[in-house]
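Participant: Quick check, what structure comes out for this input:
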Amino acid sequence: MDNAHIFNADPFVDLTYMSNINWQKKAFTVLYLVFLMTGRSLSQSNGAAGAGDSVALRQTADSFISALSMLDWDHFTAFFDDSATAFFPPSAKFAGRANNKTEIESIFKRFFDKVRNEKSHGPYLTIIPKSLKIQLFGAIGIVTFVLEDPGTFGRRTLVLAKRNNSWVVVHLHASGIVTSE
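Facilitator: Down below sits the predicted model:
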């Protein structure tokens, strides 16, 4: 028996089988296209990253660091999303997590006031990020860098989200390792 004879043995079954395959392929293709269009639409409405976003993210990180260095309260606090969270370095003497913009501001307010009392004009802080790395994941950006201060190796992470074509901080992580005793 050759293969042609087997296929033609019951043409109705073969046609039904082929018809089901075609229907399944068409259904899969339609569902896949709907998925792609929906996904693309959602990513665009949520501000998915575009070609210039790594540059914009770097500029945002630089502006954030500049506002912090100058203790420019209004500019600095504008970077934080209302739902932002933060972990602070040991020097902040706040062991927990700040769970929103208001909590973050209250901790930074004490820090800003303390530094302003120690120095009469800006820049109040010298922040020189080293080994800065930017990673983009759609509408999420992660900026990491290290700070080298005498006796401390500081690690910083900013997690930013693209909202209304701007990058806002949704999480700040600051930690440090004591390098001298």
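Participant: what about the helices in the protein?
Facilitator: Taking DSSP state H, the helices of the chain run over residues 3-7, 11-45, 53-69, 73-77, 101-118.
Participant: Can you report how many residues lie near the closest residue to Ala161 other than its chain neighbours?
Facilitator: Counting by CB to CB, 6 or more residues apart in numbering, Ala161 lies nearest to Val170, which is 4.8 Å off, once chain neighbours are set aside. Where C-beta positions appear, they are placed from N, C-alpha and C, glycine not excepted. By other CB atoms under 10 Å, 19 other residues sit near Val170.
Participant: if I pick Phe88, what's in contact with it?
Facilitator: Phe88 makes contact with Phe94, Ala98, Ile107, Ala174 under the criterion CB atoms under 8 Å, 6 or more residues apart in numbering.
Participant: Contacts only, for Thr179.
Facilitator: Contacts of Thr179 (CB under 8 Å, 6+ apart): Gly151, Thr152, Phe153.
Participant: Against Pro129, how distant is the first one?
Facilitator: In this structure, Gly151 and Pro129 are 18 Å apart, going by CB to CB, to the nearest Å.
Participant: who's more crowded, these two?
Facilitator: More neighbours surround Pro129 than the other of Gly151 and Pro129, with 16 against 10 (other CB under 10 Å).
Participant: who touches the closest residue to that one other than its chain neighbours in this structure?
Facilitator: Leaving aside its sequence neighbours, Pro129 sits nearest to Phe145 (CB to CB, 6+ apart; 3.7 Å). By CB under 8 Å, 6+ apart, the contact list for Phe145 reads Pro129, Lys130, Ser131, Leu132, Lys133, Arg156.
Participant: Contacts made by stretch 55-72 with the rest, please.
Facilitator: Contacts of stretch 55-72 (CB under 8 Å, 6+ apart): 75-76, 79, 112, 115-116, 122-127, 129, 132, 134, 136, 141, 143, 158, 160, 166-167, 169.
Participant: Okay, buried residues for that stretch please.
Facilitator: Ala56, Leu57, Thr60, Ala61, Ser63, Phe64, Ile65, Ala67, Leu68, Ser69, Leu71, Asp72 (16 or more other CB atoms under 10 Å).
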